[in-house]
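J.: Sequence plus the predicted model coming up.
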Amino acid sequence: MSNAREIQGRIKSIKDTMKITNAMYMVSSSKLQKARRDLKNTEPYFYLIQDSLAKILDKNPEAGNKFFDRRENIKGKNRTVGYLVITADKGLAGAYNHNVIKLAEELIDGDDSGNMLFVIGQLGRHYFEKKNINIDINFQYTAQDPNMNRARHIAGRLTDLFISGKIDELYVVYTQMVNSMTVEAKSRRLLPLKEERLEMQENELAERYDSATLLPDAETVFNKIVPDYITGFVYGALVESFCSEHNARMMAMQTATDSAQTMIKELSIQYNRARQAAITQEITEVVAGARSKNK
């Protein structure tokens, strides 16, 4: 059994670690709430964009054909699929990074066509470089604190690749926060668009578009709005991933703190036993000395 001083040292070390895990928990909690609030504040704008696209298609079904083009005549290895993979810049977030990277690898390996890889986040970037997997566009933006400017730049570059024919499909691989206890790695096709996902919204602002005149024509208006719609989805994926990362980190830090408390409790019992044993030993030595002196 370790002596009392060694056990005290271990308890102090664990308590110092608990201060770090508690601090990381609080930081992640604050960032999570801010990101969710920012996303909620932007949702009405993007819902209105989606409604505008739906109304244009309802009146002019031929509008925006280039964004709906599935290019079914291009098949097999001649077809190029792009994957935008969103990871974190840091670890200590449980299985967050592992899950999204694993899903991306499964999609890439299971795709018999050519593919292009676009990565956000240092951990994903380092992983694919270590595996000698070519990264076509390495977005050097940090995965922390996502904003509209980054989303607009990312969406713009990827949309240009689709319009120019360099990629035939585009998927976003990110992590969605289902609830406070569950996060899930998901893949969603961003381009070509699906008409069934462009649903009309029932609200006062949306009703104003019923009598609107589209100038110079529906095709031009639709093509101008679509990039904003794609930007909104990319921004949403960035925020969802950011929230999922910090939610996973909060859970990991809470688990670490709980484990530390359990260890301290066990070490405290060991410390008390060691202290009692030391006291008993001292008493025994005093009594033995007194007896030998009396003899």
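T.: Good, I have the coordinates.
J.: Quick one: residues contacting residue 225.
T.: Contacts for residue 225 (Cβ atoms under 8 Å, 6 or more residues apart in numbering) come out as 49, 52-53, 56. The way it works is simple: take the backbone N, C-alpha and C, and place the C-beta from them, glycine included.
J.: State the three-state secondary structure for it.
T.: helix (DSSP: H, G, I helix; E, B strand; the rest coil).
J.: ok, so what distance separates it from residue 43?
T.: Using Cβ to Cβ, to the nearest Å, residue 225 is found at 17 Å from residue 43.
J.: Contacts for stretch 114-124, please.
T.: Outside stretch 114-124, the residues that reach it (Cβ under 8 Å, 6+ apart) are 77-91, 97, 100-101, 104, 108, 125, 128, 133-139, 141-143, 154, 158, 161, 166-167, 238.
J.: Which of the residues you listed are buried? Put it as a PyMOL command.
T.: Listed next is the PyMOL selection for buried residues among the contacts of stretch 114-124, using 16 or more other Cβ atoms under 10 Å:
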select buried, resi 79+80+81+82+83+84+85+86+87+88+89+97+100+101+104+108+125+128+137+139+141+143+154+158+161+167+238
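J.: Of the contacts of stretch 114-124, which belong to helices?
T.: 97, 100-101, 104, 108, 125, 128, 154, 158, 161, 238 (DSSP state H).
J.: any chance of those residues in CSV, plus pLDDT and distance to residue 37?
T.: Below are the ones in helices among the contacts of stretch 114-124 laid out as CSV (pLDDT from 0 to 100; distance: Cβ to Cβ, whole Å):
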residue, pLDDT, distance to residue 37
97, 87, 25
100, 90, 24
101, 90, 28
104, 89, 29
108, 84, 34
125, 88, 28
128, 88, 32
154, 90, 22
158, 91, 27
161, 90, 32
238, 88, 15
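J.: show me where pLDDT drops low in this structure?
T.: The model of the chain has pLDDT under 70 over residues 1-2, 61, 63-64, 110-113, 180, 195-215, 293-295.
J.: for it, what spans make up the strands?
T.: With DSSP state E, the ranges of strands along the chain come out as 80-86, 114-120, 137-139, 169-177, 183-191.
J.: Quick check: residue 15 vs residue 268, distance?
T.: 11 Å.
J.: ditto for residue 190
T.: Separation of residue 190 from residue 268 (Cβ to Cβ): 54 Å.
J.: for residue 178, same thing?
T.: For residue 178 relative to residue 268 (Cβ to Cβ), the value is 38 Å.
J.: Same question for residue 154.
T.: Taken as Cβ to Cβ, the span from residue 154 to residue 268 is 52 Å.
J.: Residue 31 now?
T.: Distance of residue 31 to residue 268, given as Cβ to Cβ: 34 Å.
J.: same thing with residue 141?
T.: Plainly put, residue 141 is 47 Å away from residue 268 if you go by Cβ to Cβ.
J.: Pull the residues that contact stretch 170-184.
T.: Residues from elsewhere that reach stretch 170-184, judged by Cβ under 8 Å, 6+ apart: 81-86, 96, 99-100, 103-104, 107, 158, 161-162, 185-191, 233-234, 237-238, 240-241, 243-245, 247-248, 251.
J.: and that stretch, how far apart are its ends?
T.: 20 Å (Cα to Cα, to the nearest Å).
J.: Just give me how far that stretch sits from the chain centre.
T.: Taking Cα atoms, centre = their mean, to the nearest Å, the mean C-alpha location of stretch 170-184 is offset from the chain mean by 7 Å.
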